[in-house]
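Asks: next comes the sequence, and after it the predicted model I'd like to discuss.
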Amino acid sequence: MLSLRISASSGVPVYLQIEQQIKQSIASGVLCVGDSLPSTRRTAADLRINPNTVARAFQNLEREGVIRTVPGGGTYVANFAAPGAGLLKAEKIRRLRPLASQLAVEASQLRFSPEDLHKLLDAALLELEKARRANKSDSSSGTQEGDR
Amino acid sequence: MTAFAIQTHSLVKTYGLGSKQIRAVDGLSLNVPEGSIYGLLGRNSAGKTTTIRMAMGLARPSSGEIKVLGFNPTDDPERVIVLRQVGYVPEDKMLASLSPRKLLELNRSFYPATWSDDLARKVVKRLELPLDTPYLKLSLGNKTKSALAAAIAQHSRLLILDEPTIGLDPVALDELLRLLVEDCSADGRTILLSTHQLAEIEQIADHIGIMDHGRILIEGPLDDILSNFRRLTFTGASLPLTGPSILSVKSDARATQFILQRDPEGFAQELTRNGATLIDSSPMSLNEIFLELCRTTESKEEVSA
């Protein structure tokens, strides 16, 4: 199940925190194609944040094709949702480059070797893949047992 | 055109006579958009409560204009139209010496058109308000809850909360935030709250205004304000010390730290073009922005005095 958490003191705008966490949940398989998301107001009340902030995050995600909104019928994880399937490679690079340079800076400050850094990244990707598989088998056994 | 729930123009309120005159509100221009959750922030005696009292028709402006939901709260009959549509929790929660149940019954009879029994029950339950405790035995927190329940159940177009968190424990505060988002801000209704609890405001407000010495220092959508302010640290020779976007500058032998109040990217690009090196760029929390703004105004006043 989707659980969002907001840190007010992090300096990261709250709508970005929501976007990142929803993308993370899809990447790790916690959310699957067609899963419904709670309403804007519900999410806002649960997190004690402004409804407009949630709406902004949802609008951005919809523009990126991550979720889709059925008028009067709720919000769902879009078909596309292998995230970024619809994006150009150049756009993907533009989004990832700042994260990559930050990782490089931190690693060099800690005198962490490039080989170890590559290993670390591979391990993180592997973990994500594992989580996705675990969630998949979870949800299939879940449907056999009936409703949640 | 955006409609405003509260709008003031060059609003002034002075207290006292002759040389002892105090300008509690000093040329205030406030714009609270309809449908917003607006956080009015300021230090003690910044003029927040005086402004709110003028909005409720409890104090008469010395000069200037104030409109609440498009009406003038200063004079009857318009004041009555305003009061019918506004829920109000005053700073001192001494509303009337009544038990919470009696207070709710009283307020219910004043607002027959909008009062919601369901909402009243919900607020009482969520805030765990003891309904039948005599007024004299209510703790500070329970007086606050009592006033909040009476105002929220009015289900008004505009809810004005003056320091609504006084005496509330963290659980009650959390429930209050949830109630405000869930039940008080839907359908274009507006909440104005004044408080010192900046972290909570940063979460639920979409607009803020920071007041000091009876004036607005800054006002606007919270996201814009948060992205306009930034702390940048540079190394390099002959860095500028003043400029329209610089709020403050601090230097030591190695580096210079700037607090920017608008367009930090443009500023960083210009300095980098002129040979400076950007070594750190970090966002600021609302609390940091508030402290910086209030400090800068104070040091300016010391210089001019």
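Replies: Right, received. Where do you want to start?

Asks: got the residues of chain A near chain B?
Replies: A:6, A:8-9, A:11-15, A:41, A:44-53, A:56 (C-beta under 8 Å from any C-beta of the partner chain). C-beta: built from backbone N, CA, C; applies to glycine.

Asks: just the ones of the residues you listed in helices?
Replies: The helices, defined by DSSP state H, take in A:Val14, A:Tyr15, A:Arg41, A:Ala44, A:Ala45, A:Asp46, A:Leu47, A:Pro51, A:Asn52, A:Thr53, A:Arg56 from those.

Asks: which among those end up buried?
Replies: Taking 16 or more other C-beta atoms under 10 Å in any protein chain shown as the criterion, what is buried in these is A:Val14, A:Tyr15, A:Arg41, A:Ala44, A:Ala45, A:Leu47, A:Pro51, A:Asn52, A:Thr53, A:Arg56.

Asks: how confident was the prediction at the third one?
Replies: Okay, so that is A:Arg41. Note on A:Arg41: pLDDT of 87.

Asks: quick one: name the residues of the stretch 51-200 of chain B near chain A.
Replies: By C-beta under 8 Å from any C-beta, the residues of the stretch 51-200 of chain B that approach chain A are B:Asp174, B:Leu177, B:Arg178, B:Val181, B:Glu182, B:Ser185, B:Ala186, B:Ala199, B:Glu200.

Asks: B:Gly220: which element?
Replies: Assigned by DSSP states H and E, B:Gly220 belongs to strand B:215-221.

Asks: what residues does the helix or strand immediately after that strand in the chain touch?
Replies: Using DSSP H and E, the helix or strand that follows strand B:215-221 in sequence is helix B:222-228. Under the criterion C-beta atoms under 8 Å, 6 or more residues apart in numbering or on different chains, residues A:13, A:15, A:53, A:56, B:39, B:202, B:205-208, B:218, B:260-264, B:283-284, B:286, B:289 lie in contact with helix B:222-228.

Asks: tell me the buried residues in the longest helix along chain A?
Replies: Ordering each helix of chain A by length in residues (DSSP H) puts helix A:114-144 first. Using 16+ other C-beta under 10 Å as the test for burial, helix A:114-144 gives A:Leu117, A:Asn135.

Asks: ok, B:Ala46 - contacts?
Replies: Here B:Ala46 is in contact with B:Met211, B:Asp212, B:His213, B:Gly214 (criterion: C-beta under 8 Å, 6+ apart).

Asks: hmm, 6 Å instead?
Replies: Residues counted as contacts of B:Ala46 (C-beta atoms under 6 Å, 6 or more residues apart in numbering or on different chains) are B:Met211, B:Asp212.

Asks: what's the pLDDT at it?
Replies: 91.

Asks: what do you get for B:Asn142?
Replies: On the pLDDT scale, B:Asn142 gets 92.

Asks: can you list the buried residues in stretch B:266-284?
Replies: B:Phe267, B:Ala268, B:Leu271, B:Ala276, B:Pro283, B:Met284.

Asks: nearest the middle, which residue of chain A would you pick?
Replies: A:Lys23 (1.6 Å; C-alpha atoms, centre = their mean).

Asks: what helix or strand does that one sit in?
Replies: Using DSSP H and E, A:Lys23 sits in helix A:14-27.

Asks: that helix packs against which elements?
Replies: helix A:51-63 (3 or more C-beta pairs under 6 Å, 6 or more residues apart in numbering or on different chains; DSSP states H and E).

Asks: let's see that with 10 Å instead.
Replies: Where contact means 3 or more C-beta pairs under 10 Å, 6 or more residues apart in numbering or on different chains; DSSP states H and E, helix A:14-27 is packed against helix A:40-47, helix A:51-63, strand A:67-70, strand A:74-77, helix A:114-144, helix B:222-228.

Asks: the ones you listed: lowest mean pLDDT?
Replies: Going by mean pLDDT, the lowest-scoring of the helices and strands packed on helix A:14-27 is helix A:114-144, which has a mean of 78.

Asks: report the distance from that helix to the chain centre.
Replies: 14 Å (C-alpha atoms, centre = their mean, to the nearest Å).

Asks: give me the angle between it and helix A:14-27.
Replies: 70 degrees (axes from the mean of the first three to the mean of the last three C-alpha atoms, to 10 degrees).

Asks: and the average pLDDT for stretch B:77-84 is what?
Replies: Here the average pLDDT along stretch B:77-84 is 92.

Asks: just the buried residues of it, please?
Replies: Buried positions in stretch B:77-84, judged by neighbour count with 16+ other C-beta under 10 Å: B:Glu78, B:Arg79, B:Ile81, B:Val82, B:Leu83.

Asks: hmm, who's touching the helix or strand hosting the fourth one?
Replies: What that stands for is B:Val82. In this structure, B:Val82 sits in helix B:78-84 according to DSSP H and E. The set of residues external to helix B:78-84 that reach it, using C-beta atoms under 10 Å, 6 or more residues apart in numbering or on different chains, is B:6, B:55-58, B:67-74, B:110-111, B:113-114, B:154, B:156-158.

Asks: PyMOL command for the buried members of the contacts of helix B:222-228?
Replies: In PyMOL syntax, the buried subset of those is picked out as below (16+ other C-beta under 10 Å):
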select buried, (chain A and resi 13+15+53+56) or (chain B and resi 39+202+205+206+207+208+218+260+261+262+264+283+284+286+289)
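
Asks: in space, what's closest to A:Ser28 - neighbours in sequence excluded?
Replies: Nearest residue to A:Ser28, sequence neighbours excluded (C-beta to C-beta, 6 or more residues apart in numbering or on different chains): A:Ala131, at 4.4 Å.

Asks: kindly apply the preceding question to A:Arg56 instead.
Replies: A:Tyr15 (4.5 Å).

Asks: make sure the one you found is actually in contact with A:Asn60.
Replies: Yes. A:Tyr15 lies in contact with A:Asn60 (C-beta atoms under 10 Å); the separation is 7.1 Å.

Asks: before we move on, back to that, for the residues of the stretch 51-200 of chain B next to chain A, work out which two are farthest apart.
Replies: B:Ala186 and B:Ala199 (23.8 Å; C-beta to C-beta).

Asks: assumed B:Ile289 was part of a strand.
Replies: No. Note on B:Ile289: no strand contains this position according to DSSP: H, G, I helix; E, B strand; the rest coil, which reports helix.

Asks: follow-up on the earlier one: got TSV for the helices and strands packed on helix A:14-27, with distance to A:Ser28 too?
Replies: TSV is the format used below for those (distance: least, C-beta to C-beta, whole Å):
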stretch	distance to A:Ser28
helix A:40-47	19
helix A:51-63	16
strand A:67-70	16
strand A:74-77	13
helix A:114-144	4
helix B:222-228	28
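
Asks: for B:Thr190, find the nearest of the ones you listed.
Replies: So among the helices and strands packed on helix A:14-27, helix A:51-63 is nearest, using C-beta to C-beta, at 12.6 Å.

Asks: where in chain B is pLDDT low?
Replies: Within chain B, the segments meeting pLDDT under 70 span B:1-2, B:93-96, B:300-305.

Asks: quick check, central residue of it?
Replies: With distances taken as C-alpha atoms, centre = their mean, B:Leu40 lies nearest the centre of chain B, 1.3 Å away.
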